[in-house]
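S.K.: Take a look and give me a structure for this.
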Amino acid sequence: MRMKDRLVDQAKKLTSSGVVVRVVSNDRVMRLATGVMDAKNRLRAARERAAEAWDILLNGHALPNIDPALDDEAGVHVATPSRAAARQPAAGGAGGAGLSVVEETASSDAPRERGGLASRPHVNGVGANGAGPNGAGTYVAAAAEQKLATQMAARTSLSRIGGRDVFEKAYKFMTADNARAMGVYPFFRPLDFNNGPEAQLEGRTVVMLGSNNYLGLTTHPKVREAARNAIDKYGTSMTGSRLVNGSMRLHNELEQKLAAFHGKEAGLVFTTGYQVNIATISALLSNKRSVAMIDKDDHASIYDGVRLAQAAGARMVRYKHSDPAALDSALSEIADTEGALVITDGVFSAQGEIASLPGIVEVVKKHKARLLVDDAHALGVIGPGGRGTAAHFGLEKEVDLIGGTFSKSLASIGGWLVGERKVLDYIQHFAYSFLFAASAAPPCVAAAMASLEVMQEEPWRQEKLRENFTYMRTELQRLGFELGKTETAVIPIYIRDDLKTVMMWKSLLDDYSLYVNPFITPGVPPKQQVLRTSYMATHERKHLDHALEAFEKVGKKFGVI
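M.R.: Purely as a prediction, here's the structure:
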């Protein structure tokens with residue numbers, strides 16, 4: 001081996017050592033490097049904010065919309081001290097049903113599935129050809145890692161760049177290209193195929209802990225057969241909206257089954273789960289006397305639905321995460337002429353935490369508001385027969401609207417909403433994002449309907465799922481990982497540092513063939529970075545034990561445990 005090669009090899013070993021990794025990813029070091037290297041962008045952003053403020057002063061223009069879910073300056077309603085002192089915790093079941101006020105914890109700002117760089121892994125890229133790591137356990141040089149971390153921190157200021165050319169910010173966005181070249185880009189990674197508990201990535205088998213296929217139904221024979229039969233009978237698409245030529249008996253049949261499953265009067269099938277919240281919220285909150293009362297940590301689709309409602313004059317109030325007392329205080333302050341729709345995730349998609357629904361229902365009834373629960377991550381996971389959050393607490397009759405997606409437990413693509421017939425009839429006639437969207441494709445509808453049937457025919461799946469995620473939660477806590485308040489099949493492992501999160505993800509994938517999802521800023525608030533893991537009924541104990549071994553070794557290597 002040539003001297004140059006030996007030196008390069010030694011340098012790689014040094015930069016991948018546990019000591020160097022911990023120093024490089026040290027929070028104080030990274031804050032200092034970020035502050036220095038991003039000074040130019042920060043100054044530019046400050047100038048822009050000053051110009052906007054001056055413009056408002058002179059012309060009365062409104063500030064541009066920002067993402068309130070990730071903006072600490074946007075208000076979050078908390079209970080007033082007098083209310084907090086007067087209110088006592090109520091006895092209740094899972095999820096903290098009482099109306100007590102709790103201190104803000106780290107997990108209350110936990111990550112949510114959002115747009116941008118927030119979810120799926122991608123590894124090798126150019127780095128595999130020599131520009132980055134080559135082989136298990138080796139990492140890019142410390143200086144390159146600091147550069148990447150600084151670029152990651154600069155993304156929010158980059159998005160504010162404006163001018164004559166709207167593409168300017170796109171040309172200046174180099175973080176993803178540089179991360180690909182360095183071999184540490186963790187997103188949009190294409191799988192060869194995904195068979196449930198295991199997947200194939202570039203010809204090798206990996207244990208899949210990054211899927212929402214909670215009941216393992218995507219490959220179930222009955223589900224596959226239903227999709228094939230629907231293609232044979234109806235074709236691949238209706239090529240039109242539900243309003244005109246896109247409705248068929250298959251849609252109506254599934255709507256009736258979903259309504260009956262949840263004990264509601266009617267159901268409505270959408271093309272995507274995201275569309276459910278956009279359509280429902282914008283249709284119901286359509287004027288200046290409407291208020292969207294949302295949990296601070298609600299899903300991105302809820303925020304986007306509220307944005308559409310705000311365009312029609314509605315306003316948004318955020319209440320402290322899963323805190324009925326804060327909701328009570330917020331509802332007490334709306335005008336008598338205003339109507340409020342309270343919207344909460346049933347199971348929060350990144351924390352795995354169940355909403356405090358008993359307390360929320362009590363407050364909603366007290367103020368004569370209405371309640372929409374997004375059960376995307378609850379259907380098939382909690383509640384008798386997998387009926388979700390309201391059933392988990394025995395409150396199905398008290399929740400006005402329950403919605404969700406086919407893309408988790410129902411092993412398909414599409415969305416659903418159940419509630420009163422007149423309310424759903426109004427939504428389907430007044431929600432533009434429903435009226436003018438192509439209808440859900442026949443094989444997707446048929447697959448979802450078959451999955452709903454299998455879920456009821458094979459109750460062992462929900463029981464096995466609960467056994468698996470309880471085992472993993474117990475063992476990960478025993479190892480010393482911070483998991484927040486998870487109670488379901490989503491288990492976040494808090495890392496609280498962008499670079500360390502990505503590096504741990506890479507080590508788990510490269511060294512142990514373990515596929516998890518890194519959530520980093522701006523997809524999550526600062527200090528809330530996690531490795532999001534999720535579990536299936538079809539995971540075997542060998543998969544889980546392999547994962548625990550990998551987590552223990554990588555966690556110790558990076559100083560997390």
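S.K.: all strands for the stretch 351-500 of the chain, in order.
M.R.: 370-374, 401-405, 415-419, 490-494 (DSSP state E, counting those that start in this stretch).
S.K.: so can I have CSV of those showing mean neighbour count, mean pLDDT and distance to Leu514?
M.R.: The C-beta positions use only the backbone N, C-alpha and C, and glycine is treated the same way. Converted to CSV, the strands of the stretch 351-500 of the chain look like this (neighbours: other Cβ atoms under 10 Å; pLDDT from 0 to 100; distance: least, Cβ to Cβ, whole Å):
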stretch, mean neighbour count, mean pLDDT, distance to Leu514
strand 370-374, 24, 98, 29
strand 401-405, 27, 98, 26
strand 415-419, 27, 98, 31
strand 490-494, 24, 98, 12
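S.K.: Redo the ones you listed as CSV? Include distance to Asn287.
M.R.: CSV is the format used below for the strands of the stretch 351-500 of the chain (distance: least, Cβ to Cβ, whole Å):
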stretch, distance to Asn287
strand 370-374, 15
strand 401-405, 19
strand 415-419, 20
strand 490-494, 36
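S.K.: Give me the packing partners of whichever strand or helix holds Asp511, helices and strands only.
M.R.: Following DSSP states H and E, one finds Asp511 within helix 498-512. In terms of contacts (3 or more Cβ pairs under 8 Å, 6 or more residues apart in numbering; DSSP states H and E), helix 498-512 is packed against helix 18-24, helix 142-153, strand 514-515, strand 517-519, strand 530-534, helix 541-557.
S.K.: What angle do strand 490-494 and the fifth one make with each other?
M.R.: Angle of strand 530-534 versus strand 490-494, following axes from the mean of the first three to the mean of the last three Cα atoms, to 10 degrees, is 160 degrees.
S.K.: contacting residues for Ser282?
M.R.: By Cβ atoms under 8 Å, 6 or more residues apart in numbering, the contact set of Ser282 is Gly305, Leu308, Ala309, Ala312, Ala431, Tyr432, Ser433.
S.K.: Give the buried subset of these as a PyMOL selection command.
M.R.: What follows is the PyMOL syntax selecting those of the contacts of Ser282 that are buried according to 16 or more other Cβ atoms under 10 Å:
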select buried, resi 305+308+309+431+433
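S.K.: ok, of the contacts of Ser282, which one's closest to Asn517?
M.R.: Asn517 lies nearest to Gly305 out of the contacts of Ser282, by Cβ to Cβ, at 24.0 Å.
S.K.: any idea which element the closest one lies in?
M.R.: Gly305 is part of helix 300-311, with elements assigned from DSSP H and E.
S.K.: Could you give me the buried positions within that helix?
M.R.: Ala300, Ser301, Ile302, Tyr303, Asp304, Gly305, Val306, Arg307, Leu308, Ala309, Gln310.
S.K.: Run through the neighbouring helices and strands of it.
M.R.: The criterion is 3+ Cβ pairs under 8 Å, 6+ apart, and the helices and strands that helix 300-311 contacts are helix 273-284, strand 290-295, strand 315-319, strand 339-345.
S.K.: okay, how far is it across stretch 476-489, tip to tip?
M.R.: In stretch 476-489, first residue to last residue: 13 Å (Cα to Cα, to the nearest Å).
S.K.: Residues touching it, excluding its own?
M.R.: Contacts for stretch 476-489 (Cβ under 8 Å, 6+ apart): 94-95, 105-107, 110, 214, 347, 351-354, 377-378, 381-382, 465, 468-469, 473, 491-494, 534-536, 548, 551-552, 555, 560-561.
S.K.: quick one: low-confidence parts of the stretch 251-400 of the chain?
M.R.: When residues are selected by pLDDT under 70, none of them lie in the stretch 251-400 of the chain.
S.K.: same question, the stretch 1-150 of the chain
M.R.: In the stretch 1-150 of the chain, residues with pLDDT under 70: 1, 4, 8, 12-38, 41-42, 45-46, 48-74, 80-150.
S.K.: still on that earlier bit, which of the contacts of stretch 476-489 are buried? Put it as a PyMOL command.
M.R.: Entered in PyMOL, the line below selects the buried ones among the contacts of stretch 476-489, by 16+ other Cβ under 10 Å:
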select buried, resi 95+107+110+214+347+351+352+353+354+377+378+381+382+465+468+469+473+491+492+493+494+534+535+536+548+551+552+555+560
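S.K.: re earlier: now the helix holding Asp511, how far from the centre of its chain.
M.R.: For helix 498-512, the distance between its averaged C-alpha position and the chain's averaged C-alpha position is 20 Å (Cα atoms, centre = their mean, to the nearest Å).
S.K.: pLDDT (mean, whole number) over it?
M.R.: This predicted structure assigns helix 498-512 an average pLDDT of 94.
S.K.: ditto for stretch 180-190
M.R.: Averaging pLDDT residue by residue across stretch 180-190 gives 86.
S.K.: Dump the C-alpha coordinates for it into CSV.
M.R.: Extracted as CSV, the C-alpha positions of stretch 180-190 are listed here (Å, rounded to 0.1, in the frame of the first residue of the first chain):
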residue,chain,number,x,y,z
ARG,A,180,-25.1,13.1,-1.8
ALA,A,181,-21.5,13.7,-2.8
MET,A,182,-20.4,13.0,0.8
GLY,A,183,-22.5,9.8,1.0
VAL,A,184,-24.6,11.0,3.9
TYR,A,185,-27.9,12.0,2.2
PRO,A,186,-30.6,10.1,4.1
PHE,A,187,-33.8,10.9,2.1
PHE,A,188,-35.7,9.7,-0.9
ARG,A,189,-33.9,6.4,-1.1
PRO,A,190,-35.5,4.0,-3.6
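S.K.: What is the most widely separated pair among the contacts of Ser282?
M.R.: Using Cβ to Cβ, the two most remote members of the contacts of Ser282 are Ala312 and Ser433, lying 13.0 Å apart.
S.K.: thinking again about what came up before, turn the buried residues of helix 300-311 into a markdown table, including distance to Ala446.
M.R.: Formatted as a markdown table, the buried residues of helix 300-311 follow (distance: Cβ to Cβ, whole Å):
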| residue | distance to Ala446 |
| --- | --- |
| Ala300 | 28 |
| Ser301 | 24 |
| Ile302 | 28 |
| Tyr303 | 32 |
| Asp304 | 28 |
| Gly305 | 27 |
| Val306 | 33 |
| Arg307 | 33 |
| Leu308 | 30 |
| Ala309 | 33 |
| Gln310 | 37 |
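S.K.: from the residues you listed, which single one is nearest Val206?
M.R.: Out of the buried residues of helix 300-311, the one with the shortest distance to Val206 is Ala300. That distance is 26.8 Å, counting by Cβ to Cβ.
S.K.: and the angle from the helix holding Gly305 to strand 315-319?
M.R.: For helix 300-311 and strand 315-319, the angle between their directions (the same axes, to 10 degrees) works out to 140 degrees.
S.K.: Please report how far Ile427 lies from Phe188.
M.R.: 33 Å (Cβ to Cβ, to the nearest Å).
S.K.: of these two, who's got more company?
M.R.: Just comparing Ile427 and Phe188: by other Cβ atoms under 10 Å the higher neighbour count belongs to Ile427, 23 against 11.
S.K.: Which of the residues in stretch 270-290 are classified as buried?
M.R.: Within stretch 270-290, the residues that count as buried by 16+ other Cβ under 10 Å are 270-286, 290.
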